[in-house]
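Asks: Quick one, structure for this:
(4 chains, ligands or ions: 4)
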Amino acid sequence: MTVTEQRGAHRPAPPSAWQPRTDPAPLLPDARPYRVLGTDAAAEADPALLRRLYAELVRGRRYNAQATALTKQGRLAVYPSSTGQEACEVAAALALAEQDWLFPSYRDTLAVVARGVDPVEALTLLRGDWHTGYDPYEHRVAPLSTPLATQLPHAVGLAHAARLKGDDVVALALVGDGGTSEGDFHEALNFAAVWRAPVVFLVQNNGFAISVPLDKQTAAPSLAHKAVGYGMPGRLVDGNDAAAVHQVLTEALAHARAGGGPTLIEAVTYRVDAHTNADDATRYRGDAEVEAWRAYDPVALLERELTARGLLDEDGIRAAREDAESMAADLRERMHQDPVLDPMDLFAHVYAEPTPQLVEQRDQVRAELAAEAESAGAGR
Amino acid sequence: MTVTEQRGAHRPAPPSAWQPRTDPAPLLPDARPYRVLGTDAAAEADPALLRRLYAELVRGRRYNAQATALTKQGRLAVYPSSTGQEACEVAAALALAEQDWLFPSYRDTLAVVARGVDPVEALTLLRGDWHTGYDPYEHRVAPLSTPLATQLPHAVGLAHAARLKGDDVVALALVGDGGTSEGDFHEALNFAAVWRAPVVFLVQNNGFAISVPLDKQTAAPSLAHKAVGYGMPGRLVDGNDAAAVHQVLTEALAHARAGGGPTLIEAVTYRVDAHTNADDATRYRGDAEVEAWRAYDPVALLERELTARGLLDEDGIRAAREDAESMAADLRERMHQDPVLDPMDLFAHVYAEPTPQLVEQRDQVRAELAAEAESAGAGR
Amino acid sequence: MTTVAVKPATMAQALTCALRDAMAADPAVHVMGEDVGTLGGVFRITDGLAEEFGEDRCADTPLAEAGILGTAVGMAMYGLRPVVEMQFDAFAYPAFEQLVSHVARMRNRTRGAMPLPITVRVPYGGGIGGVEHHSDSSEAYYMATPGLHVVTPATVADAYGLLRAAIASDDPVVFLEPKRLYWSKDAWNPEEPQTVEPIGRAVVRRRGRSATLITYGPSVPVCLEAAEAARAEGWDLEVVDLRSLVPFDDETVTASVRRTGRAVVVHESGGFGGPGGEIAARVTERCFHHLEAPVLRVAGFDVPYPPPMLERYHLPGVDRILDAVGRLQWEAES
Amino acid sequence: MTTVAVKPATMAQALTCALRDAMAADPAVHVMGEDVGTLGGVFRITDGLAEEFGEDRCADTPLAEAGILGTAVGMAMYGLRPVVEMQFDAFAYPAFEQLVSHVARMRNRTRGAMPLPITVRVPYGGGIGGVEHHSDSSEAYYMATPGLHVVTPATVADAYGLLRAAIASDDPVVFLEPKRLYWSKDAWNPEEPQTVEPIGRAVVRRRGRSATLITYGPSVPVCLEAAEAARAEGWDLEVVDLRSLVPFDDETVTASVRRTGRAVVVHESGGFGGPGGEIAARVTERCFHHLEAPVLRVAGFDVPYPPPMLERYHLPGVDRILDAVGRLQWEAES
Ligand SMILES: Cc1ncc(C[n+]2csc(CCOP(=O)(O)OP(=O)(O)O)c2C)c(N)n1
Ligand SMILES: Cc1ncc(C[n+]2csc(CCOP(=O)(O)OP(=O)(O)O)c2C)c(N)n1
Ligand SMILES: [Mg+2]
Ligand SMILES: [Mg+2]
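Replies: Numbers count the residues shown, from 1 in each chain, chains lettered A, B, ... in the order given. Ligands and ions are numbered 1, 2, ... in the order given. Have a look, this model is predicted:
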């Protein structure tokens, strides 16, 4: 290996000979979020896809409502609802190919479910019987990530590894507007661009990080403008327009699949519910704003388009709702069953083999439980 | 405090009404590094300033050579030379107003010295008698920062605090091309832009992070393009052109001082010496490249300009060199004196008051030293 | 006999009160963090401060913990006294480098020229049914970092007093707030002039003769409960609340153990490499010939913090403490 | 009598050899970090690997430690076995969140479905005249993090064996390389088939009857030297090299201390909250009635690592170890 071979195309050269390393112009997002619904582009959208998106949106909306209800019933520790953001959640799951990977953030249970994970397993974390309730390899869905933005480098690494192995796999990583401020966001995007890793970053800009509005989060023209600083294309999309999100994601995934490298997509949307059931959103935002967004509802937007174009009628709407209801009924019923707990699980998965110290601790708990059971038996 | 007051100008609004929050166009850097020397702009440059810069460049070059020699003589643990980058170092120090702050990275001893810190005190860290050898408040120079990019948020916080107090203070933070990959770079720039803090970031892009060339560090069109993602202006400057660096810095500092917020400046330059005296640069770069940059030497560039314009003659050059020689002689002499060490310093500055535990430990060392001295005395 | 009229207050209220009083007393005190402004913090500890002192004094920051602590360093360099809130224990980890490499060392690096009077408030510990990464006990990391003070209150009054002391300290303090005690109440009157506890003093919460429970933060009430329960077994337990892990009050702890001759260290944090090892080791070094039995430890297990439904099996409770006390070789006695 | 011809090799060479052999044996092994490719690492541990296995297998990364470890997590998720190099101890801190919140927990978070076979190589410790942030001993942080193995060699042969074992482990291993032993030499033949040490076994480096020195990594040679010097004082010291801090080999350590009845723990890392507290506490728990004196500790002081010219006052050396041995209450004996 000679020294010359190791250097890339852009060898250091005096500033007098300096060239920009790539043309920034094509990396910059359009000034306005891309839209499909209600525009000419809608005519080109595949009706079957639109109907599929619609059905999933209706399910998603219902899922959020059901999960929120479950918190009130004490069946979930907490639920961060994505009501208002269903278009992003659903499109994220549906745009992926079978072999692709999804890296969700803590709010993205819906995307996880739309990807095929069992709706109850997807809630394990929030019910509290374990951390991750599903096998990540089954549907190629990484664990829901609580520490914000930390899952982004994972997505990059996985995509990079797949590419090194020659596999046709793209990773899609989800993050919130708040999460873009974390160092991990920066490092992930930079690694992705340098490695030309097949990964797509979807930022759901829902206006808030808990109570902190976007203005206190960034001064950028848009979050999509961050892309140029990494040398990847940035795209801005209407996050309440499921068809637009799906299209932009599909294009970015195809670009990555073809070896074009990563894309940063900002979907402009809104969190209509509070941050979680434990949050009081009236402390930091007014009703008028929420109402304006309710009027721009992703489900209604798509429903309007479909009905206007004769792709959906009353029956279709009813069918979608019934389907969602039965999903919700099933979820409710199964979530009302107490999960089976085994305290020995505390020690089972810390290492491949428990350390001698963990064996001691496991035996201690086992003995405690046995003693408890015995004294309970004796008491009877 | 009502909810409405708390929100900024850009209230969340449906994407249908979405506007870019700032115009990205003026934030983007020019396609080519800004130059002064050898261009029409040189005619407008203040001759006194150019001569001052020249004198400092010559001193700086000599300082680097002397410090490197001191490592060979075992007088310094290590020295990261900035030979080739003197224009950036010197301009960084000279563009600042008296009350401003400098936040240097580990390679920036030269900027620290040019700012007025005693040349010996500036080397304390690298000599190894203490960590920071100077009082940061005396010349408003933060400690040389070894962990890369970690000093950037400090600069932002200091600038922000000064602004909150109504003081006319700007902070200038230096970082390398490699350092831009760290999460702290991202977080610092974002905080600076959101807070509109009076801070200027100067990236010395010298082509390498130790052995890693820029191509493996970033895929961005330029490092200055990162600015747009934070909503601050990015500027690209010829880092070997002291007049250009000084001018761009002066403008950015004035912009910050006037309340315009932060600027990101990329200075394109080259590290002519190895990373440190301990590095073997032939492992990762060829001679031809180094020679090309030697031919574009910052000292020679300015000297040529000054002589061509009749602002400098043989006598002037000789005077500058003599001045540099006497600085070097003084440095050499003082660095050859062994520093006075006090092992009790180990415990003196950990807390305002040593904890009981540290008092015990200090007493232990004191007793050990006393016993040693006694047995040495007894041995005599 | 007169009793001073004190009304019950929660630890959360006392913390808010301490912040307000500190801000009122010193304009250099600035509160910053995620959601601390408009929302008043997810635990509402900073409630009302932005309204009272303005958003510059109680500032919502971008979502980036290293950035929060890193900018706080710069603010402290310029003479402010930042009080930083980390939203949950595990979300302090992104700021670890700033904490270890700068916050803890800046005074030392500069020969005392640049002290950093920063308070880092970290709600810590479990028992509140939090999902993963919301219930860590991270004190071992901070204890092992010279240059930091590490303080944690267990009572409402200490919450006030110690937080005032932390903010007043010219050195950085990691102020660990036991989140499951946020809503614990005590008779405490915010109208009364408050004593500001000096940092570094442990306190004997309960006098006893048989053995000493050495503990802090969320485990203090558990130990007091255990001490009550122990009476049925004929044990009269002393309970020492450390309050400050750094500096460590060897004097109080050693005096207690020398008197009782037996000790158990109790904390939620994992046992292996946790605070209990240090405490047991130093107690043994100082009290060896007074000890009837080895100093034992009752701690969280050496596992990642468990999910809500399993945390009761993990947390040190009364039974485990009594079991440990029972293993203190009482036979030798009789 | 035949002796196998072994030539002296440095620890650095053994580490390089281990990496090369691991990469040759398993194409899933990928080395990554700052300057590990073209340059071969600032300590030259990865020298030649990029040339031999290609830059994809031994990759220079952008300068961002959280990014390095975070992407390694993703690579491990996809079946690779990343070996990450952190350039110096203190530069691992930016990756702390990834390490604690993900690397250490992913197996547990996913009920074993997603193990992360990642090796994080961290050159650690002082004694090489490094400027600040280049000489930290950070093992206390890693020990207190369940889910990690923490391993550190003290000999050339162990450097090879333990690194192979770390890379072969299906769990994440923090592999601490004592940088001042990089150039230490031992008779060791890279041509010979190598025994791969199992992780978790301590070894008795020197047999003795008077007292046990419990130590690891850079302090092992110091303890052996102290043991030699102790002979002059009439002490016959046993030296236990832990090799693995997690899991901890209670068996070997306990057996030794039960035999000798006295112990001193020696390490460079700061004493307060450092590994020694845990070790002393657990030895005492297990050997209380065999102990003639409390287990003592000789450690670095509780200060930020000092500048090069002062480090000799900080590092535990032979004299301090002998002083501690001298305080093991020998009078009681006679
Ligand atoms: C590293 C980290 N810091 C803080 C938190 C606490 N926290 C949970 S959600 C949240 C706000 C997230 O905002 P955003 O990224 O916009 O996502 P959204 O909630 O809007 O979906 C915060 C601060 C966290 N989970 N992780
Ligand atoms: C956080 C951190 N990681 C790694 C290092 C080790 N290190 C010292 S200098 C250097 C390269 C820095 O490159 P760059 O930022 O371009 O600055 P330059 O050396 O070119 O001035 C590295 C990796 C460090 N000092 N800090
Ligand atoms: Mg958001
Ligand atoms: Mg560089």
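
Asks: those strands in the stretch 51-200 of chain A, which residues are they?
Replies: Remark: strands assigned in the stretch 51-200 of chain A by DSSP state E, counting those that start in this stretch are A:101-103, A:171-176, A:199-205.

Asks: Pairing partners for the longest one, with directions?
Replies: What that stands for is strand A:199-205. The partner list of strand A:199-205 in its sheet, established with DSSP bridges, is strand A:171-176 (parallel), strand A:263-268 (parallel).

Asks: and C:T215, what is it in contact with?
Replies: When contacts are counted by C-beta atoms under 8 Å, 6 or more residues apart in numbering or on different chains, C:T215 is found next to C:222-223, C:239-242, C:265-267. (Glycine included, C-beta is placed from N, CA and C.)

Asks: Just the buried residues of the residues you listed.
Replies: Among the contacts of C:T215, those classed as buried by 16 or more other C-beta atoms under 10 Å in any protein chain shown are C:222-223, C:239-242, C:265-267.

Asks: for these, which one is nearest ligand 4?
Replies: Of all the buried ones among the contacts of C:T215, C:H267 has the smallest distance to ligand 4: 45.3 Å, by C-beta to the ion.

Asks: what's around C:W183, how many residues?
Replies: 12 (other C-beta atoms under 10 Å in any protein chain shown).

Asks: Please report the distance of the closest residue to chain B within the stretch 101-250 of chain C from ligand 3.
Replies: Shortest the stretch 101-250 of chain C-to-chain B distance, computed as C-beta to the nearest C-beta: residue-wise this is C:P247, at 3.6 Å. If you measure C:P247 against ligand 3 using C-beta to the ion, to the nearest Å, the figure is 41 Å.

Asks: measure that residue to ligand 2 for me?
Replies: 30 Å (C-beta to the nearest ligand atom, to the nearest Å).

Asks: could the buried ones among the contacts of C:T215 go into JSON lines alongside pLDDT and secondary structure?
Replies: Formatted as JSON lines, the entries for the buried ones among the contacts of C:T215 read as follows, by pLDDT from 0 to 100; DSSP: H, G, I helix; E, B strand; the rest coil:
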{"residue": "C:V222", "pLDDT": "98", "secondary structure": "helix"}
{"residue": "C:C223", "pLDDT": "98", "secondary structure": "helix"}
{"residue": "C:V239", "pLDDT": "98", "secondary structure": "strand"}
{"residue": "C:V240", "pLDDT": "98", "secondary structure": "strand"}
{"residue": "C:D241", "pLDDT": "98", "secondary structure": "strand"}
{"residue": "C:L242", "pLDDT": "98", "secondary structure": "coil"}
{"residue": "C:V265", "pLDDT": "98", "secondary structure": "strand"}
{"residue": "C:V266", "pLDDT": "98", "secondary structure": "strand"}
{"residue": "C:H267", "pLDDT": "98", "secondary structure": "strand"}
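
Asks: how about the residues of the stretch 51-200 of chain A near ligand 3?
Replies: By the criterion of C-beta under 5 Å from the ion, the positions of the stretch 51-200 of chain A lying close to ligand 3 are A:176-178.

Asks: Nearest to A:M327, out of those: which one, please.
Replies: Compare each of these with A:M327 using C-beta to C-beta and the shortest gap goes to A:G176, at 25.5 Å.

Asks: need the contact list for the closest one.
Replies: A:G176 makes contact with A:105, A:107, A:148, A:203-206, A:209, according to C-beta under 8 Å, 6+ apart.

Asks: confidence score at C:D186?
Replies: The predicted structure scores C:D186 at 88 on the pLDDT scale.

Asks: returning to that earlier point: tell me which of the strands of the stretch 51-200 of chain A sits nearest to C:A104.
Replies: The minimum distance between C:A104 and the strands of the stretch 51-200 of chain A falls on strand A:171-176, with 30.6 Å, by C-beta to C-beta.

Asks: Okay, buried residues for the closest one please.
Replies: Of the residues in strand A:171-176, those buried by neighbour count under the rule 16+ other C-beta under 10 Å are A:171-176.

Asks: could these be laid out in TSV, adding distance to B:V120 and pLDDT?
Replies: Supplementary listing: the buried residues of strand A:171-176 in TSV, determined by distance: C-beta to C-beta, whole Å; pLDDT from 0 to 100:
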residue	distance to B:V120	pLDDT
A:A171	53	98
A:L172	56	98
A:A173	50	98
A:L174	54	98
A:V175	49	98
A:G176	51	98
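
Asks: can I get those residues in CSV with distance to C:A281?
Replies: Conversion of the buried residues of strand A:171-176 to CSV gives the following (distance: C-beta to C-beta, whole Å):
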residue, distance to C:A281
A:A171, 47
A:L172, 50
A:A173, 45
A:L174, 46
A:V175, 44
A:G176, 44
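
Asks: C:F53: what's it in contact with?
Replies: Applying C-beta under 8 Å, 6+ apart, one finds that C:F53 lies in contact with C:M23.

Asks: Could you report the distance from it to D:P117?
Replies: Counting by C-beta to C-beta, to the nearest Å, the separation of C:F53 from D:P117 is 51 Å.

Asks: And for A:H336?
Replies: For A:H336, the distance to D:P117 (C-beta to C-beta) stands at 39 Å.

Asks: Compare neighbour counts for these two and give me the winner.
Replies: Neighbours were counted for A:H336 and for D:P117 using other C-beta under 10 Å; D:P117 has more, 22 against 10.

Asks: pretty sure the residue of the stretch 101-250 of chain C closest to chain B is touching C:L148, no?
Replies: No: contact criterion C-beta atoms under 8 Å: C:P247 and C:L148 do not qualify, at 10.6 Å.

Asks: okay, these two: which has more neighbours?
Replies: Here C:P247 and C:L148 are compared on neighbour count by other C-beta under 10 Å; more neighbours surround C:L148, at 25 against 22.

Asks: any idea how far the nearest residue to the more buried one once chain neighbours are set aside lies from D:A227?
Replies: What sits nearest to C:L148 in space, not counting adjacent residues and going by C-beta to C-beta, 6 or more residues apart in numbering or on different chains, is C:A104, at 4.9 Å. C:A104 sits 35 Å away from D:A227 when distances are taken as C-beta to C-beta.

Asks: ok now do C:T260, which residues does it touch?
Replies: Taking C-beta under 8 Å, 6+ apart as the criterion, C:T260 is in contact with C:208-212, C:238.

Asks: How about the stretch 101-250 of chain A: which residue is closest to ligand 3?
Replies: Among the residues of the stretch 101-250 of chain A, A:G176 lies closest to ligand 3, at 3.8 Å counting by C-beta to the ion.

Asks: Can you name the residues bridging to that residue?
Replies: Per DSSP bridges, the residues bridged to A:G176 are A:Q204.

Asks: how about the contacts of A:G176 in JSON lines, adding distance to B:V113?
Replies: Rendered in JSON lines, the data for these read as follows (distance: C-beta to C-beta, whole Å):
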{"residue": "A:S105", "distance to B:V113": "47"}
{"residue": "A:R107", "distance to B:V113": "51"}
{"residue": "A:L148", "distance to B:V113": "42"}
{"residue": "A:V203", "distance to B:V113": "44"}
{"residue": "A:Q204", "distance to B:V113": "49"}
{"residue": "A:N205", "distance to B:V113": "46"}
{"residue": "A:N206", "distance to B:V113": "50"}
{"residue": "A:A209", "distance to B:V113": "43"}
